[in-house]
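J.: Quick one: sequence and predicted model below, then my questions.
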Amino acid sequence: MFPERHALGLPPGFRIALDRDTSFWSGDRVATGGAPWKVVRLGEAARPHLAELRRAGEHGHAATSAVGRALARRLLDHGLAHPVRPPRPGPHDVTVVVPAYGRADELARCLAALKDVPVIVVDDGSPDPEPLRRVAATHDARLVRHPRNRGPAAARNTGLRLADTPFVAFVDSDCRPEDGWLDVLLPYFDDPKVAAVAPRIVPGTDDSRLLARYEAARSALDMGTRPALVRPGARLGFVPTATLVVRASPARDLVFDEEMRLGEDVDFVWRLADRGWHVRYQPEARVAHTPRLAAPAWARRRHEYGTSAAALAERHPGRLAPAHPSAWNLATLALLTYGHPRAAWNLATLALLTYGHPRAA
């Protein structure tokens with residue numbers, strides 16, 4: 001399923017703000033930046049709208065003319081700008097799916113943080129199902145059970161099939177969303193091209209030991225403080241599905257790859273992007289995650305993350321290379337830096353004609 005062409009327009013009053021890494025050259029006729037980095041040519045008609053965006057700053061500007069809305073759509077699609085959406089109080093038409101395997105105490109803390117939304121707990125073949133059953137019943141959550149362990153991808157798919165709301169939020173059992181998380185994330189779906197929005201995942205512990213301090217600074221799940229359009233080859237190439245809100249229709253069309261025990265979140269995000277959907281990271285919403293602070297468990301988990309590379313490389317050849325420096329891009333950037341925007345544009349055009357539209361690396 002691809003985004004419908006007639007549904008690409010932004011709703012009235014939709015505000016956007018320029019990304020801080022976006023630069024303009026040659027009298028605003030050329031823009032550089034985006035996700036992934038690129039050179040974009042802009043028409044003369046864009047100049048007054050760019051001036052409005054500059055004046056608005058991080059608070060954003062909502063275009064009222066057809067030209068302004070078309071420019072806003074283009075800037076968002078290239079990652080040169082980001083949506084600015086104020087929180088919108090619920091109720092929200094969303095179902096929360098919580099995959100679980102044992103750890104009933106963590107599930108209890110998770111469900112206590114999920115308020116005023118229907119919840120489906122998928123017990124993925126826990127050896128002792130009774131503790132999870134009791135916790136789910138205490139918190140009025142629906143419980144379904146896999147007779148054998150099939151992995152988090154299968155658990156999410158099971159919950160996704162059972163949910164009947166237009167939006168579904170996947171929340172791992174060791175995660176606890178902060179109050180108002182859905183108020184922050186759901187408004188970004190006002191853009192009809194957005195298929196998924198991820199919050200910031202932060203370690204939720206008061207432990208002061210060395211490993212806890214390391215996790216606070218370098219957690220593998222924490223994607224930082226800047227919002228981003230998530231794409232292969234972009235500044236932010238993926239987001240974890242420890243907590244992820246999705247538009248149900250494209251998610252049901254793709255589903256998670258159940259053959260992958262790890263890396264299924266990266267694969268899912270990349271396939272959404274390949275089909276033209278937007279995945280956004282919005283750190284204003286925060287979710288606490290219980291880190292593994294016993295050294296053997298921590299090291300084992302980090303090793304497991306690394307083992308997903310082979311499966312991802314098989315499904316997405318070439319995307320796991322740490323960098324793909326392009327001589328064309330470097331030369332274009334050099335020309336812009338030294339004040340030759342027309343030559344830069346000509347070089348970028350030649351590269352496009354020679355190699356076709358650049359794909360995300």
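T.: Nice, thanks for sending it over. Residues are numbered from 1 along each chain as shown.
J.: element containing E52, please.
T.: Using DSSP states H and E, E52 maps to helix 47-56.
J.: Give me the angle between the helix or strand following that helix and helix 47-56.
T.: Reading on from helix 47-56 to the C-terminus, the next helix or strand found by DSSP H and E is helix 66-78. Helix 66-78 and helix 47-56 are oriented at 70 degrees to each other (axes from the mean of the first three to the mean of the last three Cα atoms, to 10 degrees).
J.: Give me the mean pLDDT for helix 66-78.
T.: Confidence for helix 66-78, expressed as mean pLDDT, is 95.
J.: Equivalent analysis for stretch 190-202, please.
T.: Mean per-residue pLDDT for stretch 190-202: 96.
J.: Which positions within it qualify as buried?
T.: Neighbour-count burial for stretch 190-202 flags 191-202 (criterion: 16 or more other Cβ atoms under 10 Å). Where C-beta positions appear, they are placed from N, C-alpha and C, glycine not excepted.
J.: Quick one: distance of that stretch to the chain centre.
T.: Relative to the centre of its chain, stretch 190-202 is centred 5 Å away, using Cα atoms, centre = their mean, to the nearest Å.
J.: With stretch 123-130 instead?
T.: 30 Å.
J.: How about exporting it as PDB, limited to the C-alpha atoms?
T.: Only the C-alpha atoms of stretch 123-130 are listed here, as PDB (Å, rounded to 0.1, in the frame of the first residue of the first chain):
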ATOM      1  CA  ASP A 123       1.900 -13.300  25.800                       C
ATOM      2  CA  ASP A 124       4.500 -14.700  23.500                       C
ATOM      3  CA  GLY A 125       4.700 -18.200  24.900                       C
ATOM      4  CA  SER A 126       5.800 -17.500  28.500                       C
ATOM      5  CA  PRO A 127       6.800 -20.600  30.400                       C
ATOM      6  CA  ASP A 128       4.400 -19.700  33.200                       C
ATOM      7  CA  PRO A 129       1.400 -17.700  31.800                       C
ATOM      8  CA  GLU A 130      -0.400 -17.200  35.100                       C
END
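J.: quick one: average pLDDT of it?
T.: Stretch 123-130 comes out at a mean pLDDT of 96.
J.: got it, and stretch 288-298?
T.: The average pLDDT within stretch 288-298 is 62.
J.: Off-centre distance for stretch 233-243?
T.: Taking Cα atoms, centre = their mean, the mean C-alpha location of stretch 233-243 is offset from the chain mean by 5 Å.
J.: actually stretch 124-132, sorry about that
T.: With Cα atoms, centre = their mean, you get 30 Å for stretch 124-132.
J.: Identify each buried residue in it, please.
T.: Neighbour counts using 16+ other Cβ under 10 Å place 124-126, 129, 131-132 of stretch 124-132 among the buried residues.
J.: Between the buried residues of stretch 190-202, which sits nearest A154?
T.: Nearest to A154, judged by Cβ to Cβ, of those is A196 at 18.9 Å.
J.: Adjacent strands (with direction) for the host helix or strand of that closest one?
T.: For A196, the enclosing helix or strand under DSSP H and E is strand 194-203. According to DSSP bridges, strand 194-203 forms sheet pairs with strand 243-247 (antiparallel), strand 278-289 (parallel).
J.: Which stretch among the ones you listed is buried most, on average?
T.: strand 243-247 (a mean of 25; mean count of other Cβ atoms under 10 Å).
J.: For that one, give me every contacting residue.
T.: Contacts made with strand 243-247 from outside it, assessed by Cβ atoms under 8 Å, 6 or more residues apart in numbering, are listed as 94, 166-172, 175, 177, 181-182, 185-186, 189, 194-199, 201, 265, 287.
J.: would you list every one of the helices in this structure?
T.: With DSSP state H, the ranges of helices along the chain come out as 47-56, 66-78, 104-113, 130-138, 152-162, 181-185, 210-218, 248-254, 264-274, 295-315, 327-337, 341-355.
J.: which helices and strands sit right next to the third one?
T.: Right, helix 104-113. strand 94-100, strand 119-124, helix 130-138, strand 175-177 (3 or more Cβ pairs under 8 Å, 6 or more residues apart in numbering; DSSP states H and E).
J.: quick one, which of the ones you listed is nearest to R261?
T.: Closest among those, using Cβ to Cβ: strand 119-124, at 11.1 Å.
J.: any weak-confidence spans in this protein?
T.: Where the chain drops to pLDDT under 70, the residues are 1-7, 204-220, 291-310, 321-342, 344-361.
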